[in-house]
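Q: Give me coordinates for this.
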Amino acid sequence: MRPVLLILFLSSINLYGQAANGNEYYEKTQYLDAVTAYEQVLPPDRDGTLLNRLGISYHMVNRPKEAEAAFKAAIRAVPQDSPAYNNLAALYYFQRKYGNAERELRRALEHNPENTILRRNLRAAKYARENTKKAIEIAGTVVAEKPLLVQQRQGDLLEVVLLLPPPDVQQATLHEIRGDTFFARKLFDDAIIEYRKAIGLDRYNASVANRLGLAYHQSQKVKEAEEQYRQALKLNPFYLEALNNLGSIDYSMGRFTRAMDQYRKALKIRPDSPTVLLNIGACLFAMERYDEGYLVYQRALKIDPKSFERTSSAGTLIQTTQRNESMMSFYLAKVFAGSGDTDRAISYLYKAVEEGFKDIEKIKSEPAFAVFAGDERFMKLLESLVTPS
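A: Next comes the predicted model:
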């Protein structure tokens, strides 16, 4: 029995040692040595991370058949992980299989929708698929410097070379930067001009489409804003910012059910976004689903105590303006009372009364307001409801 245990022990040490050696070579970009070390680990003992790194190493030493097998094995091992999908897409991209690359990148983004490399790779693959002849032509000029069409490796992700004509990319980037500068200065019409020029040169950048939508939105050109948000989602169906901002368009138009659909898709991508949660809360209140809205607002305030201090549209994620309704103000008073912010809670109670809230018994019986007992401002508010001026 002891010899068997000793053999198993020595085997586990060897397994760990070869994997560690492979990782060391991998980090040093010594991919041929990494392959040699990783291959010493028996197939049943290779986890998803090792298989993905083995696939990258095969790719970087131009062994595409083995790379594809390793990436597919990594996906089978961890189907919910995004790196192997992305890297399989990078391999297909190198092989000029642009449609296959786009498909794998959509799968990668489904699992990691906010990753910037995945977003950039999807942009590159979509352009290459729709402009195959031009992309292959550009690839022919790039391979001398980037023979595998890999721009960089960041951690366990490969970023591909964008195969748009370099002068177009440079000019588009320049217009994009100018647009951002104008937007930051609230010169929205000028920002629109620059963003449109950028899109004229590169219409595959979902980020610019979303920012053009924001510029239109700020200029009260709602139809144009909606078109750009939809364009951003056409380019990348998992683009959080466009989902949220399209929901804000629907909210402003009174299409609350449609707004909720967009907000919930956005929340699925970023579950702890105070902005998205506040938008959902505002939508629920507009639909008179007060108790649900109250719980959502509580959650947002717990995540970010300052979330109610911002009604932001300066970034790429719009926070809707809350409607002035007495019931919403009443529930906001409950939210702040529960968080211990007495001043804001009483302020919202006064606001609720000013907006027409007259149910004194509801105020008196609300457990969250028990902490106000003896507060002079609260007592005056109750008196004003008993003996209105």
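Q: Not counting its neighbours along the chain, what's nearest Gly94?
A: You called it Gly, but residue 94 is Phe. Leu149 (4.8 Å; CB to CB, 6 or more residues apart in numbering). C-betas here are computed from N, CA, C, even on glycine.
Q: quick one: the one you found and Lys97, what's the gap?
A: Computed with CB to CB, to the nearest Å, the distance linking Leu149 and Lys97 is 12 Å.
Q: Comparing the two, which residue is more hemmed in?
A: Leu149 (23 against 17; other CB atoms under 10 Å).
Q: Contacts only, for the more buried one.
A: 90, 93-94, 139, 142-143, 160-161, 163 (CB atoms under 8 Å, 6 or more residues apart in numbering).
Q: ok, these vs Ala172, which is closest?
A: Leu163 (14.0 Å; CB to CB).
Q: residue contacts, the residue lying closest to Ala77 once chain neighbours are set aside?
A: Closest residue to Ala77 in three dimensions, ignoring its sequence neighbours and counting by CB to CB, 6+ apart: Gly48, at 4.1 Å. Residues near Gly48 by CB under 8 Å, 6+ apart: 74, 77-78, 81, 84.
Q: most neighbours, which of these?
A: Neighbours here mean other CB under 10 Å. Within the contacts of Gly48, the largest count is held by Ala84, at 30 neighbours.
Q: residues contacting it?
A: 48, 51-52, 55, 71-72, 74-75, 78.
Q: these two touch, right, Val208 and Lys197?
A: No. Using CB atoms under 8 Å, Val208 is not in contact with Lys197; the gap is 10.1 Å.
Q: which residues are in contact with both of the two?
A: Contact criterion CB under 8 Å, 6+ apart; residues shared by Val208 and Lys197: Ala172.
Q: and those two? which has more neighbours close in?
A: Set Val208 next to Lys197 and count neighbours by other CB under 10 Å: Val208 wins out with 27 against 16.
Q: number of nearby residues for the nearest residue to that one once chain neighbours are set aside?
A: Nearest non-adjacent residue to Val208, counting by CB to CB, 6+ apart: Ala198, 5.2 Å away. Applying the criterion other CB under 10 Å, we find 24 residues in the vicinity of Ala198.
Q: need the contact list for Ala198.
A: 172-173, 175-176, 179, 205, 208.
Q: mind listing the helices in the stretch 251-389 of the chain by residue range?
A: Along the stretch 251-389 of the chain, counting by DSSP state H, counting those that start in this stretch, helices occupy 256-269, 274-286, 290-303, 326-338, 342-354, 360-365, 376-386.
Q: Comparing these, which comes out most buried?
A: Across those, the average number of neighbours (mean count of other CB atoms under 10 Å) peaks for helix 274-286, which reaches a mean of 25.
Q: For that helix, the averaged confidence score.
A: The average pLDDT for helix 274-286 rounds to 93.
Q: could you say what helices and strands that helix packs with?
A: Packing contacts for helix 274-286, counted by 3 or more CB pairs under 8 Å, 6 or more residues apart in numbering; DSSP states H and E, involve helix 240-252, helix 256-269, helix 290-303, helix 326-338.
Q: give me the low-pLDDT residue ranges for this structure?
A: For the chain, the stretches flagged by pLDDT under 70 are 1-16, 310-324, 387-389.
Q: quick check: domain ranges of it?
A: Split into domains by automatic domain parsing, the chain comes to 2-166, 167-237, 253-323, 324-389.
Q: Please name whichever of those is nearest to Leu246.
A: Nearest to Leu246, of these and by CB to CB, is domain 167-237 at 4.2 Å.
Q: re the thing from before, among the contacts of Ala84, which lie within helices?
A: Mapping the contacts of Ala84 onto helices (DSSP state H) picks out 48, 51-52, 55, 71-72, 74-75.
Q: Let me have these in JSON lines, adding distance to Thr36 as columns.
A: As requested, the ones in helices among the contacts of Ala84 are exported to JSON lines (distance: CB to CB, whole Å):
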{"residue": "Gly48", "distance to Thr36": "20"}
{"residue": "Leu51", "distance to Thr36": "16"}
{"residue": "Asn52", "distance to Thr36": "17"}
{"residue": "Gly55", "distance to Thr36": "15"}
{"residue": "Phe71", "distance to Thr36": "19"}
{"residue": "Lys72", "distance to Thr36": "21"}
{"residue": "Ala74", "distance to Thr36": "19"}
{"residue": "Ile75", "distance to Thr36": "24"}
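Q: ok, now how distant is the residue most central in space within the chain from Gly155?
A: Computing the C-alpha centroid of the chain and ranking residues by CA atoms, centre = their mean puts Glu114 first, at 3.5 Å. Glu114 sits 15 Å away from Gly155, going by CB to CB.
Q: Ala373: how many residues sit nearby?
A: Neighbours of Ala373 using other CB under 10 Å come to 8.
Q: ok, now Ile75?
A: Ile75: 24 neighbours (other CB under 10 Å).
Q: on that earlier part again, and the residue nearest to Phe94, how close does it get to Asn121?
A: Using CB to CB, we find Leu149 at a distance of 11 Å from Asn121.
Q: Overlap in contacts, those two.
A: 90, 93, 160.
Q: circling back to that earlier point, and the residue nearest to Phe94, how far is that from Asn62?
A: Taking CB to CB, one finds Leu149 at 12 Å from Asn62.
Q: How about Glu224?
A: Distance of Glu224 to Asn62, given as CB to CB: 47 Å.
Q: neighbour-wise, which of those two wins?
A: Glu224 (16 against 11).
Q: ok, that one - contacts?
A: Per CB under 8 Å, 6+ apart, neighbours of Glu224: 213, 216.
Q: Let the chain start at 34 from now.
A: Yep, numbering from 34; the last one is Glu257 now.
Q: Tell me which helix or strand it sits in.
A: Using DSSP states H and E, Glu257 sits in helix 255-268.
Q: Phi first, then psi, for the nearest residue to Thr82 once chain neighbours are set aside.
A: Using CB to CB, 6+ apart and skipping the chain neighbours, the partner closest in space to Thr82 is Asp189 (7.1 Å). Per-residue torsions, Asp189: phi -110, psi 20 (degrees, to the nearest 10).
Q: Tell me the residues that contact both of Leu182 and Asn95, please.
A: With CB under 8 Å, 6+ apart, Leu182 and Asn95 have no common neighbours.
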